[in-house]
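[1] next come a sequence and a model predicted from it.
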Amino acid sequence: MQRRIEYRTSIVAGILALGLLAYAYAWSGFYNIGADAPHAPWTYRFLSMLREHSVQHHAKSIRVPALDDPALILKGAGQYAAMCTGCHLAPGMQQSELRAGLYPQPPMLAQQQVDPREAFWIIKHGIKMSGMPAWGTTHDDATIWSMVAFLQKLPGLTPAQYKEIVAKAPPDDDMGDMDMSGGHDATHAGADDKTH
């Protein structure tokens with residue numbers, strides 16, 4: 001019994017010591033937090049796992065509405081062109097000035113299918129320390145779902161088809177003046193957010 005207590009005490013002491021070492025390392029400032037200095041491979045794998053599992057966990061109960069409404073897709077095309085291309089690019093784009101300096105590099109959404117629930121959660125809540133903003137602070141759920149609807153179509157679009165659908169997108173009266181996309185104004189809608 002005494003040995004078991006000593007064993008548990010040693011484990012707790014070891015965990016506390018590791019925690020204190022990690023804190024001291026962080027406090028020292030030795031770790032290079034610059035976006036132009038990549039993480040160590042094990043750090044990158046750990047943070048990627050944390051991100052993927054966190055998004056899956058928080059998005060699993062979201063109910064996906066019908067996303068095949070052409071008007072919804074058109075609205076999402078305009079939102080994507082205004083808010084997303086600077087980081088996530090568009091068909092035919094290889095790089096942007098903003099994207100070039102981001103670490104980790106955002107996914108190229110024209111080249112992959114995204115899960116609608118996860119896309120909605122990420123767009124609404126953002127991802128800490130990645131450059132992905134929480135658009136739910138300035139955009140309502142209906143607008144976010146329009147972007148998700150468009151993302152379902154995006155990987156199949158050619159550059160010409162992308163330009164055509166964006167040109168048909170309805171004008172947004174709440175367009176802001178900030179250019180986050182390398183050529184389009186960023187949307188800044190002020191509608192109330194409705195939590196799912």
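    Alright, I've got the coordinates. Numbers count the residues shown, from 1 in each chain.

[2] can you list the weak-confidence ranges in the protein?
    173-196 (pLDDT under 70).

[3] can you pull out the helices in it?
    2-28, 41-59, 70-83, 85-88, 97-100, 116-125, 141-153, 159-168 (DSSP state H).

[4] walk me through the domains of the chain.
    Split into domains by automatic domain parsing, the chain comes to 1-31, 67-196.

[5] can I get the ones you listed in TSV including distance to Pro38 and mean neighbour count?
    From N, CA and C alone the C-beta is placed, and that goes for glycine too. TSV is the format used below for the domains of the chain (distance: least, C-beta to C-beta, whole Å; neighbours: other C-beta atoms under 10 Å):
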stretch	distance to Pro38	mean neighbour count
domain 1-31	12	9
domain 67-196	7	17
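
[6] off-centre distance for stretch 115-129?
    Mean-position distance between stretch 115-129 and its chain equals 5 Å (C-alpha atoms, centre = their mean, to the nearest Å).

[7] I meant stretch 18-32, not that one.
    On the basis of C-alpha atoms, centre = their mean, stretch 18-32 sits 28 Å off its chain's mean C-alpha point.

[8] with just CA atoms, put it into CSV.
    Extracted in CSV, the C-alpha atoms of stretch 18-32 (Å, rounded to 0.1, in the frame of the first residue of the first chain):
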residue,chain,number,x,y,z
LEU,A,18,6.9,18.7,-16.6
GLY,A,19,4.2,21.4,-16.3
LEU,A,20,6.6,23.7,-14.6
LEU,A,21,9.3,23.1,-17.2
ALA,A,22,6.8,23.8,-20.0
TYR,A,23,5.7,27.0,-18.3
ALA,A,24,9.3,28.1,-17.8
TYR,A,25,10.1,27.4,-21.4
ALA,A,26,7.1,29.4,-22.6
TRP,A,27,8.0,32.3,-20.2
SER,A,28,11.6,32.4,-21.3
GLY,A,29,10.6,33.6,-24.8
PHE,A,30,13.0,31.1,-26.4
TYR,A,31,10.3,29.6,-28.6
ASN,A,32,10.1,31.4,-31.9
